[in-house]
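S.K.: Generate coordinates for the sequence data below:
(2 chains, ligands or ions: 2)
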Protein chains: 2
Amino acid sequence: ALNISLFPGGPANFSTYINTKKIFKPYPIMSTTQTNKIEIIKAATSKINEVDFDNLSFGAVFTDHLFECDYKNGEWQKPVIKPYAPFLLDPSAKVFHYGQAIFEGMKAYKDDNNDLWLFRPDENYKRFNTSAVRMAMPEVPEHIFMDGLNQLLQLDEAWVKKGKGNTMYIRPFMIATGEGVIANPSDEYKFMIILSPAKSYYAGEVKVLIAEHYSRAANGGIGAAKAAGNYAAQFYPTTLANKEGFQQVIWTDDATHTKLEEAGTMNVFFRINDTLLTAPTSERILDGITRKSLLDMAKKEGINVDVRPVLVSELVEASKNGSLKEIFGAGTAAVVNPIIGYSYKDVYYELPKVENSYASLLKEKLTNIQHKLAEDTFGWTVKV
Amino acid sequence: ALNISLFPGGPANFSTYINTKKIFKPYPIMSTTQTNKIEIIKAATSKINEVDFDNLSFGAVFTDHLFECDYKNGEWQKPVIKPYAPFLLDPSAKVFHYGQAIFEGMKAYKDDNNDLWLFRPDENYKRFNTSAVRMAMPEVPEHIFMDGLNQLLQLDEAWVKKGKGNTMYIRPFMIATGEGVIANPSDEYKFMIILSPAKSYYAGEVKVLIAEHYSRAANGGIGAAKAAGNYAAQFYPTTLANKEGFQQVIWTDDATHTKLEEAGTMNVFFRINDTLLTAPTSERILDGITRKSLLDMAKKEGINVDVRPVLVSELVEASKNGSLKEIFGAGTAAVVNPIIGYSYKDVYYELPKVENSYASLLKEKLTNIQHKLAEDTFGWTVKV
Ligand SMILES: Cc1ncc(COP(=O)(O)O)c(C=O)c1O
Ligand SMILES: Cc1ncc(COP(=O)(O)O)c(C=O)c1O
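M.R.: Residues are numbered from 1 along each chain as shown, chains lettered A, B, ... in the order given. Ligands and ions are numbered 1, 2, ... in the order given. The predicted model follows:
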């Protein structure tokens, strides 16, 4: 008998693995004190004057430059900032065939003094590497991620507009560039950061469909990672929901479809009477930075918060007896997104209009911190 | 109350959706009678003399040409065969961020008359489009897939060697090339076919680990699709297994980890006494063409076959009482791959050496059909 269990007992929560010393990391870890100077190649001309900053559609316009760093021969290579442009990949690159690809989503904000600010970038950095480990990809050293991000933002700072509706959406991502169609981890990777000036993600009122058949994540799967494949998996069922007039799906656990988990790119909160409920993070649910920030803020506001599995049946019951006051999504792109109604088993439940909405209160407080319009007592904002 | 359920009752099996008229296909379907002539751009020189055909590692060498067809503005564009080469993609291409990518794996064989043969190509074609629908990608018209495949194989036929150990591995795939980091389906796609001369996939003896914590597919997920993201999800747990001396993982159902499902790129068969068992296909399990061919062949040989959920507990019990005779994997790349032992809950169970192995018998019969060394009474082989 061999002892094959690296994680005896099999903890239910993926982050438990990540925080244990037993985790297996097949890639050599570079010292983060090494400071490979970033090579900077500036664009000859800027595209900024072609952009209508008042009518941006989310994620469609990119700034003049991008940050790039390749991993090969077991090492991260010289990082470079260069003009945003298409790049060459072999048709057998592993990202095309086996989906080794992860990303992050974060934002930068400009205050009235033209200073640039990031919101909890350390959390995105950590989550990026958590995703990398789960997808058998090399971790990105902190100095490459952070220096790349800061220098890129400084170079394209004119693209970040002042004012509360304006942000710079930041997309760090990593893809497997190694060649060959054998189904195993790549030995070469590309890490990139691209920037897209953004207004808010969702316009209008959001109705959601509660998943009864489809699901986004398996137990023991990759739901807790920001892995590319998690998103494509949701497109077909979300398209079905769209066709019926619902903008988003709220996913339930795949085994029983009884527990409310999260939306496509947002964690989900429920207010029953005056208690704010949200599911605990797990192997199936992304550990959202907006989610954890809202939880901290709500506690500080004296709101009763309860992090525990939330059942679909509770929600329906609360709708029926009038105790369900609010549902809202929380994520970097959408910030806080109020939901006006949901459908479950062919019945549509409308949310009441509430005064003193938690969604409005928390969104206001959070965006004030992010835009440096209120004191950041949590220490979440970091100057670029 | 709105009626939102497109699939009332929610059938458990994904292929049920695919076979119903109720399926929603957001892309216009091109008539398959349309015959866009394929443009052919030949390589100036061939790389064939650089290749050592006796020492090929799987999926590492590609032929001189590839087939390509792009989808944009709601239509498939002019198909082209051209020299195998890297191509340009925008950093915001959706395949990098959201994993909209699918593929197929098939093989061509050369007989003693230098004729080229495919094995059940219609099955790969159908499965490719089944995957496309699940991943919210447009279906590829039959004439594009089949004409592209045939003409590409004819052009690079010198790369297909005669003899039973030699095959041409064929990789049709499709990726989302549309630009923008909003999480919704792409409006542009690239369909490609690349060819890689191959010997058999796994060398040596294969020991497997039965999954106790990790899993590859969710109920209501994309396990039945040949979607890129399904494979990257397995790399980390498979790497853990490799480290302990196991070449492959046998996945179990994610909810209970009690049912044996499939391996990374193979369906799995179990022989208990003289009965051949394999799990039914489902939403979580790929409907393998080798699997269904072996089932038909086994029946014809008078072997008792039983397609039903196979429990891990049964397997362990059968190991203990000596009735477990064989385990083998079945897939295009590996053909039939005997497994010499498995580990479950830290105990390693060795398989006995059997005479009259079903794996050997079925592999011999199947490869004889594929290589045109025996009569194809099933009508599975198709001339290029
Ligand atoms: C699946 C999923 N859930 C939740 C979130 C929210 O996380 P965060 O607040 O860190 O942006 C995101 C993305 O941002 C997501 O992709
Ligand atoms: C997950 C998975 N299961 C099973 C198979 C076997 O299918 P087939 O026999 O059609 O090659 C494959 C791939 O080929 C696969 O990727």
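
S.K.: Can you report how many residues neighbour the closest residue to residue A:307 other than its chain neighbours?
M.R.: Spatial nearest neighbour of residue A:307, chain neighbours left out: residue A:280 (5.3 Å); criterion: Cβ to Cβ, 6 or more residues apart in numbering or on different chains. All C-beta atoms are positioned from the backbone trio N, CA, C, and that covers glycine. By other Cβ atoms under 10 Å in any protein chain shown, the residues close to residue A:280 number 11.

S.K.: For ligand 1, what is the nearest residue in the stretch 51-200 of chain A?
M.R.: Closest residue of the stretch 51-200 of chain A to ligand 1, Cβ to the nearest ligand atom: residue A:105 (4.5 Å).

S.K.: From what I see, that residue and residue A:168 are in contact.
M.R.: No - between residue A:105 and residue A:168 there is no contact under Cβ atoms under 8 Å: 11.7 Å.

S.K.: So for the top helix by length along chain A, what gets flagged as buried?
M.R.: Criterion DSSP state H: the longest helix present in chain A is helix A:228-243. By neighbour count on 16 or more other Cβ atoms under 10 Å in any protein chain shown, the buried set for helix A:228-243 is A:228-242.

S.K.: In its sheet, which strands sit next to the helix or strand following it, and in what direction?
M.R.: With elements assigned by DSSP states H and E, the helix or strand that comes after helix A:228-243 is strand A:248-250. With DSSP bridges as the test, strand A:248-250 is paired with strand A:206-210 (parallel).

S.K.: and the partner strand with helix A:228-243, angle?
M.R.: 110 degrees (axes from the mean of the first three to the mean of the last three Cα atoms, to 10 degrees).

S.K.: can you list contacts of strand A:206-210?
M.R.: Identification of contacts with strand A:206-210 by Cβ atoms under 8 Å, 6 or more residues apart in numbering or on different chains yields A:241, A:244-250, A:252, A:260, A:263, A:312, A:315, A:327, A:329, A:337-344, A:348, B:4.

S.K.: same deal with stretch A:249-258?
M.R.: With Cβ under 8 Å, 6+ apart, stretch A:249-258 has contacts from A:208-219, A:234, A:237-238, A:241, A:259-264, A:268, A:284, A:311-313, A:342, B:218-221, B:254-255.

S.K.: Show me what counts as buried in it.
M.R.: Buried-residue list, stretch A:249-258, by 16+ other Cβ under 10 Å: A:249-255, A:257.

S.K.: dump the residue contacts of the closest residue to chain B within the stretch 201-350 of chain A.
M.R.: Residue of the stretch 201-350 of chain A nearest chain B, by Cβ to the nearest Cβ: residue A:229 (1.7 Å). Residue A:229 makes contact with A:99, A:101, A:222, B:99, B:222, B:227-230, B:232-233, according to Cβ under 8 Å, 6+ apart.

S.K.: hmm, back to that, ChimeraX command for the buried members of the contacts of stretch A:249-258?
M.R.: A single ChimeraX command is used to select the members of the contacts of stretch A:249-258 judged buried by 16+ other Cβ under 10 Å:
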select /A:208,209,210,211,212,213,214,215,216,217,218,219,234,237,238,241,259,260,261,262,263,264,268,284,312,342 /B:218,219,220,221,254,255
